[in-house]
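>>> give me a model of this one.
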Amino acid sequence: MKKVISCLLVLTLLCAFAPAALAANDDAIAAADTLHALGLFNGKGDLPDGSPDYDLDTPPTRNEAVTMLVRLLGKEAEAQAGAWDTPFTDLVEWAAPYVGYAYTYGLTNGTSETTFSGGDLVTAAQYLTFVLRALGYESGADFNWYEAWTLSDSLGVTGGEYDDGNNASFLRGDVASVSLRALTVRQKGSDDTLAWKLMAEGVFTVERYASAASGSLTDAYAPETVYRKMLTMQAVLPEGMRWTNEKEYILEYDFDDNGVPTHMTYYGYGCVAFGLIVSSAAFGDLPVRMLERGTFTFEQLRPGDMLRTGNNTHTVIILEIFDDAVVVAEGNYNASVHWGRVLTREQVMNADHVETRYPDAWAA
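Numbering: from 1, shown residues only. Prediction:
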């Protein structure tokens, strides 16, 4: 059976979020690049070639660490616009809004009742504590802050690289690596990952996340590119995540100049919302085109096309295409997200209709 797309890409995408997938320095650079592309991580100036100087080999201060945490949560503008009340008497002006925001929302404490000690270097345990609190965990109840890696290891935020022996050796590169992995971790008491929460809040779009997470891809709408971008959503919408008709997604797009309306809004719920989200990772706000059963062939289908199945009751999105079957992803499958179900050619051709978002859809 001949594949249109290689399964090896699945492993490539999944390994992108593995703690030990790359050498430490390369991992930190890749993490910083991804976060920077999402607007969640800044450099300390620019390099001669104009790229950001992340300064990843430098240990951050507590002030810098809290600032990076607030940026990770997409709350920098809110922090800077707020008037925050804290008990700390040693805050420097530039850091005060970030510390104020973090303190107000329970993400950080001081080193005493009146001091924050923002100039001190942050430890691994301290930054992991910040991140775990951002995920909804409570120090003293869910974990001990001085050994925060115990919980972060179990959640997948870290992978055993921190302990008492290297607690004080924490660099900006560590911040980037930990922060990126935190995006794909579910929040306490919720099936939603931090990345999905940020998308829902409008911090960044599905397409922006997929582009940042998949790296440099040249042909925007080649099937291979579409496939890789869709798979980035597997970390954001993981297997088994609860997904029912309560989930919705609104797709707004402009048509072309061929006499059709210039703007349309597509509301999707449940399985349809899931299909639109995953396809938007690759196609952004491109419009949806539909063909009814009997007006398309199996050979016309490509990764990213959506099928309406089950007597017009369920929508799935195609990930891979074989000679006689397709592999799909779907939401609201037994009230959850499911990746990897196989549909035969016969099942595909019995679909009520197919929806595509390729710009050249159904071209001869």
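>>> can you pull the buried residues of whichever helix or strand I29 is part of?
Secondary structure here is read from DSSP states H and E; on that basis I29 sits in helix 24-37. For helix 24-37, burial by neighbour count (16 or more other Cβ atoms under 10 Å) applies to 27-37. For every residue, glycine as well, the C-beta is placed using N, CA and C.
>>> what is the burial count for T309?
Using other Cβ atoms under 10 Å, T309 has 20 neighbouring residues.
>>> so it makes contact with M349?
No - counting by Cβ atoms under 8 Å, T309 sits too far from M349 to count as a contact (10.8 Å).
>>> the helices in the stretch 1-150 of the chain, which residues?
8-15, 24-37, 62-72, 76-81, 96-104, 124-134, 149-155 (DSSP state H, counting those that start in this stretch).
>>> I321: which of the ones you listed is closest?
helix 8-15 (13.4 Å; Cβ to Cβ).
>>> any idea of the mean pLDDT in the closest one?
Per-residue pLDDT over helix 8-15 has a mean of 40.
>>> show me where pLDDT drops low in the stretch 251-364 of the chain?
Per-residue confidence for the stretch 251-364 of the chain (pLDDT under 70) gives these ranges: 253-264, 361-364.
>>> so which residues of it form strands?
264-269, 289-292, 306-309, 314-321, 325-333, 336-344, 353-356 (DSSP state E, counting those that start in this stretch).
>>> can you redo those as TSV with distance to Y209?
What follows is these, written out as TSV (distance: least, Cβ to Cβ, whole Å):
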stretch	distance to Y209
strand 264-269	18
strand 289-292	24
strand 306-309	20
strand 314-321	17
strand 325-333	16
strand 336-344	16
strand 353-356	22
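>>> closest one to F283 among the ones you listed?
Shortest separation from F283 across the strands of the stretch 251-364 of the chain is recorded for strand 353-356, at 9.1 Å, computed as Cβ to Cβ.
>>> list the helices and strands the closest one packs on?
In this structure, strand 353-356 makes packing contacts with strand 289-292, strand 306-309, judged by 3 or more Cβ pairs under 8 Å, 6 or more residues apart in numbering; DSSP states H and E.
>>> kindly export it (C-alpha atoms) in CSV.
Once non-C-alpha atoms are left out, strand 353-356 reads as follows in CSV (Å, rounded to 0.1, in the frame of the first residue of the first chain):
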residue,chain,number,x,y,z
HIS,A,353,-19.9,15.3,1.2
VAL,A,354,-16.3,16.4,1.3
GLU,A,355,-15.1,19.9,2.3
THR,A,356,-11.7,21.2,1.2
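>>> which residue packs closest to the most centrally placed residue in the chain, ignoring adjacent ones?
With distances taken as Cα atoms, centre = their mean, A195 lies nearest the centre of the chain, 4.1 Å away. With Cβ to Cβ, 6 or more residues apart in numbering as the criterion, A195 has its nearest non-adjacent residue at 4.1 Å, and that residue is L183.
>>> from what I can see that neighbour touches K197, true?
No - with contacts defined as Cβ under 8 Å, L183 does not count as touching K197, sitting 9.4 Å away.
>>> looking at those two, which has the bigger crowd around it?
Taking L183 and K197 together and counting by other Cβ under 10 Å, L183 has the greater number of neighbours (24 against 19).
>>> quick one on the thing from earlier: which one, of the strands of the stretch 251-364 of the chain, ends up nearest to N144?
With Cβ to Cβ as the criterion, N144 lies closest to strand 336-344 of those, at 32.8 Å.
>>> on that earlier part again, ok, which of the helices and strands packed on strand 353-356 comes nearest T104?
Ranking the helices and strands packed on strand 353-356 by distance to T104, with Cβ to Cβ as the measure, places strand 306-309 first at 42.7 Å.
>>> the closest one: partners in the sheet, and parallel or antiparallel?
Sheet pairing of strand 306-309 (DSSP bridges) gives strand 314-321 (antiparallel), strand 353-356 (antiparallel).
>>> give me the residues contacting it.
Strand 306-309 has contacts (Cβ atoms under 8 Å, 6 or more residues apart in numbering) with 275-276, 279, 314-318, 328, 343, 347-348, 350-356.
>>> show the buried residues in these.
The neighbour-count test (16+ other Cβ under 10 Å) marks 275-276, 279, 314-318, 328, 343, 347-348, 351, 353-356 as buried among these.
>>> now L194: phi and psi?
Listed backbone geometry of L194 is phi -60, psi -40, with angles given as degrees, to the nearest 10.
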